[in-house]
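Chemist: Provided below for reference: sequence and predicted model.
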Amino acid sequence: MSSLDSHAGSAPHAGGHHGSYLTSKGSLWADIANWATTVDHKKIGVMYLTALLILFFLGGVMALAVRLELLEPTRSIINAAGESVTTGQRLAFLAGDGATANNIYNRAMTLHGAIMTFMFIVPGIPASLGNFFLPLMIGAKDVAFPRLNLASWYVYVFGSLFALASALVGGIDTGWTLYTPYSTMTDADHWRLVAMVTGVFIMGFSSIMTGLNFVVTVHKLRAPGMGWFDMPLFVWAIYATAIIQVLATPVIGITTLMLIFERLFNFGLFDPRMGGDPVLFQHFFWFYSHPVVYIMILPAFGVISETITVHARKPIFGYRSVAFASLGIAAVSFLVWGHHMFTSQGELTAAIFSFLTFFVAVPTAIKVFNWIATLYKGSIVFNTPMLYTLGFLFLFTIGGLTGLPLATLSTDMHLHDSYYVVAHFHYVMFGGTVIAFLAGLHHWWPKMFGKMYAETPAKLGFWLVFLGFNVTFFIQFVMGAHGMPRRYASYPDEFQWMHIISTVGSWMLLAGFLVHLFTFIHALLQGKTASANPWGGMTLEWHADSPPDEHNFEHEPIVKHGPYAYDRVVPPHTDPQDYPLPEKSDPN
Amino acid sequence: MSTINPSSGRDVPTGPTLPHDTVEKGHHWRTKDDEFDAGKLGMWLFLGTEVLLFAGLFCGYAIMRMLYPEAFANGSHYLNWVYGGANTLILLWSSYTMAAAIRHTQLGDRARAQICLVITWLCALAFLLIKFIFEYGPKWAEGKRPGVLFDYPYAQNAMEPMWWSLYYAATGIHASHVVIGMGLIGWLIIKNAKGWYGPKNYLAMENIGLYWHIVDLIWIFLFPLLYLIH
Ligand code: HEM
Ligand SMILES: [Cu+2]
């Protein structure tokens, strides 16, 4: 990391100044030891970011494999025994003996889903960008419990390795939802499933630790002068997310424990042959996993609220309603889990859950309208963060609106478990969260590493990702509406042309991500040095150096203006690039 | 052990060299009070997650009890309330000694705090011994086991394995909490012996105390649900 150090060579400053958090400790080993034992929230954020990107890559490889398999409908290969099998045999190198092509397809699909949800998107923004920026944005030196923070990273990595180990011993084919009774019966060998489920259980601890840490940090470490309604909206979003993390994760904890008991000792709770109720598992599972959808999306909302004001140079429209909408979403998220189970519950229950589900749309719509109102008459700069922000608004709106037919009982009966659902959740999770993550990554990159990325290739990356995404997933709405079920390796020929389009789209996505990888590496090695406030933001993180000092601020900042007071201090329609901050909030 | 009046404020001198006098606040805190409050808030949140974890189990219990009332009534007849009751008393008592340990620490009486901690630890041990020697051991041997392992020839109801599943899951997860508690209290005992806790530094002890009260509280719910309701 020493090559990133913008202070390298300069003599250590006297007094409060410690040099950038990226300053090398000397030898490579000293650096490694320093990072491995660090309690600095910034380093831990970067460590999370690294781990997350590696897992995203793994999950992406699985997605590409799954899509590649779907290029051809069926039976294009005749195996040694003379019987025809699906093209899933192409993936056979992943499996031991005895596994059929369908089996392998299902395992790759499960691994993709499990990695993307449990290991990438749930910890995603809060653990990486949240860890790095939450303390900076509230003017704190660190999170409330720095050692717990480090522990949560190790627990997360350990849990991920545990879950991935299940793939090394053959993988599981249950889908990431691990539904019983299939998950208690599949294959002969317990250990793969138990490894995956234990991994999920362990990662739950990490999630709770992070959430708890953030809640306490926001309550106790805000800088002098920062009231609740002076907090940046990203902080509000992370705070609401942290509350859901703390309240929902214990439920998946007990559910996974029960599943482990069920698998190892056939406890019978979920097994109809022993008097148990398989739908009980679904209730437990979705009581966690629906709120988790908001653990995935709320931080993304937070990122968008930041990028949209900064790059449109406008105070956010309806600050309070955006902040309260985060809390509102957090609250409603606990009431609607049953909409994942319309087909497995009574009519009245289903109708109630359907009715409740529409309520989620209200706070979400408030946010979207506020963002759009913020753009109105703003001086919009079309740089990469802004492109991703606009991309988010477009894709997330599609994702949200296509959710309505799923929340409606009659239409869901038709669309349930079809590719329509696959398209819907990818528009929300990928088109929403991952796109916002990329917006945030570009927006905060200069602050995190003190280097600018190159705008032109980054924009190229955006267009590849944006177009690739739509090519991959839009056609899936059509497929699903025409009856293509999800989670099948073989399908009727008539769907092939749509699958081909979708698979080609996935290659465009790959290209886009590779371009981004290149721009980021290039930025680290040869990027221009970033100033403290390259976009002219007004939240506190832009008061710190780029990259920030080891203790974040030279002096504790004192908050004198709201997070988005552009109307007060920046004349409208000025060039925002490198606009100097109006007042450095130093006490002296 | 003798009852100690915690409000007596007995003046017990502690050496100025003991570590608890010189414990500094973490560098990122403005004041030591902030740090203390944050520690407490964090602990309460964590305890909330513990309650929610067990809430899931209680939910499972309620549903299965509704579905199979006879099996559950039957099941509780197999449990001996004397053991359960003894364990309840032991945990209640240990909760008291834990609280007393904190009080003594706040008043600077390290020696008495130590005695209270040791008693708490021994109570935890006694709880586990009763559980394993008089309950789990014999029941397992008779074939009263969870799920498919169930092998009790005189069962009176086809759904009894389910009862045992929930019994072992609930008490087992609770017992694992007791084991963790023993570890934490043991750690307190060692650090207290080295003089880490005193009137200015007792957050860790207080938080572990809170944890121990929750372990106690959960048992107070489990005991009637499993042993007393027929
Ligand atoms: C490179 C882009 C991606 C491609 C090509 C892709 C493709 C796929 C495919 C083909 C499936 C199987 C659908 C089925 O048969 O039900 C799937 C499932 C899934 N994907 Fe993706 N995906 C991508 C990115 C993502 C991302 C970024 C996330 C989340 C952050 C995600 C989350 C999921 C989940 C949760 C499932 C469900 C797995 C299951 O049903 O168990 N995917 N994806
Ligand atoms: Cu849901």
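Modeler: That came in fine, so what should we check first? Numbering: from 1, shown residues only, chains lettered A, B, ... in the order given. Ligands and ions are numbered 1, 2, ... in the order given.
Chemist: enumerate every residue touching the closest residue to B:Trp93 other than its chain neighbours.
Modeler: Once flanking residues are discounted, B:Trp93 sits nearest to B:Cys123: 6.1 Å by CB to CB, 6 or more residues apart in numbering or on different chains. For glycine as for every other residue, the C-beta is placed from the backbone atoms N, C-alpha and C. Neighbouring residues of B:Cys123 by CB atoms under 8 Å, 6 or more residues apart in numbering or on different chains: B:90-91, B:93-94, B:97.
Chemist: B:Cys123 belongs to a helix, doesn't it?
Modeler: Yes: under DSSP: H, G, I helix; E, B strand; the rest coil, B:Cys123 falls within a helix.
Chemist: does any part of stretch A:514-523 sit near ligand 1?
Modeler: No: Stretch A:514-523 stays clear of ligand 1 (CB under 6 Å from any ligand atom), getting no nearer than 11.8 Å.
Chemist: and the contacts of B:Cys123, which are buried?
Modeler: B:90-91, B:94, B:97 (16 or more other CB atoms under 10 Å in any protein chain shown).
Chemist: mean confidence score for stretch A:189-197?
Modeler: Taken as a whole, stretch A:189-197 has a mean pLDDT of 86.
Chemist: which parts of it are buried?
Modeler: A:192-197.
Chemist: go on, stretch A:358-370?
Modeler: A:360-361, A:363-364, A:366-368, A:370.
Chemist: interface residues of chain B facing chain A?
Modeler: Residues of chain B lying close to chain A by CB under 8 Å from any CB of the partner chain are B:26-29, B:34, B:37-38, B:41-42, B:45-46, B:48-50, B:52-57, B:59-60, B:63-64, B:67-68, B:146-149, B:158-159, B:161-162, B:165-166, B:169, B:173.
Chemist: how close does the closest residue to ligand 1 within chain B get to A:Phe285?
Modeler: Proximity of chain B to ligand 1 (CB to the nearest ligand atom) peaks at B:Gly56, 22.7 Å away. B:Gly56 sits 11 Å away from A:Phe285, going by CB to CB, to the nearest Å.
Chemist: common neighbours of these two, please.
Modeler: Common neighbours of B:Gly56 and A:Phe285 (CB under 8 Å, 6+ apart) are A:Thr255.
Chemist: hmm, A:His482 is touching A:Phe495, no?
Modeler: Yes: the pair A:His482 / A:Phe495 is scored as a contact, 7.5 Å apart, by CB atoms under 8 Å.
Chemist: which of these two has more neighbours?
Modeler: Just comparing A:His482 and A:Phe495: by other CB atoms under 10 Å in any protein chain shown the higher neighbour count belongs to A:Phe495, 19 against 14.
Chemist: which residue sits closest to that one, ignoring its sequence neighbours?
Modeler: Nearest to A:Phe495 is A:Met484, by CB to CB, 6+ apart, at 5.0 Å.
Chemist: so the one you found versus A:Ala458, what's the distance?
Modeler: 35 Å.
Chemist: repeat that for B:Trp140.
Modeler: With CB to CB as the criterion, B:Trp140 and A:Ala458 are 63 Å apart.
Chemist: and if you look at B:Ala38?
Modeler: 39 Å.
Chemist: same thing with B:Leu67?
Modeler: 58 Å.
Chemist: out of the two, which sits in the more crowded spot?
Modeler: A:Ala458 (25 against 15).
Chemist: helix or strand right after the longest helix seen in chain B?
Modeler: As assigned by DSSP state H, the longest helix anywhere in chain B is helix B:32-67. Using DSSP states H and E, the helix or strand that follows helix B:32-67 towards the C-terminus is helix B:69-78.
Chemist: just give me the neighbour total for residue 54.
Modeler: This is for chain A. 14.
Chemist: wait, chain B was what I had in mind.
Modeler: Neighbour tally, B:Phe54, other CB under 10 Å: 21.
Chemist: quick one: it from A:Pro278, how far?
Modeler: Taking CB to CB, one finds B:Phe54 at 23 Å from A:Pro278.
Chemist: B:Ser176 too?
Modeler: 27 Å.
Chemist: tell me which of the two has more neighbours.
Modeler: The neighbour comparison of B:Ser176 against A:Pro278 (other CB under 10 Å) goes to A:Pro278, with 17 against 10.
Chemist: can you tell me which residues contact that one?
Modeler: Contacts of A:Pro278 by CB under 8 Å, 6+ apart are A:179-181, A:270-272.
Chemist: swap in B:Gly181?
Modeler: Going by CB under 8 Å, 6+ apart, the list of residues near B:Gly181 reads B:124, B:208, B:211-212, B:215.
Chemist: then A:Val471?
Modeler: A:501-502, A:504-505, A:508.
Chemist: so what's A:Trp510 closest to, chain neighbours aside?
Modeler: Residue A:510: Leu, not Trp. A:Leu510 sits nearest to A:Leu64 (CB to CB, 6+ apart), 6.4 Å away.
Chemist: surely that neighbour is within a helix?
Modeler: Yes: membership of A:Leu64 in a helix is supported by three-state DSSP.
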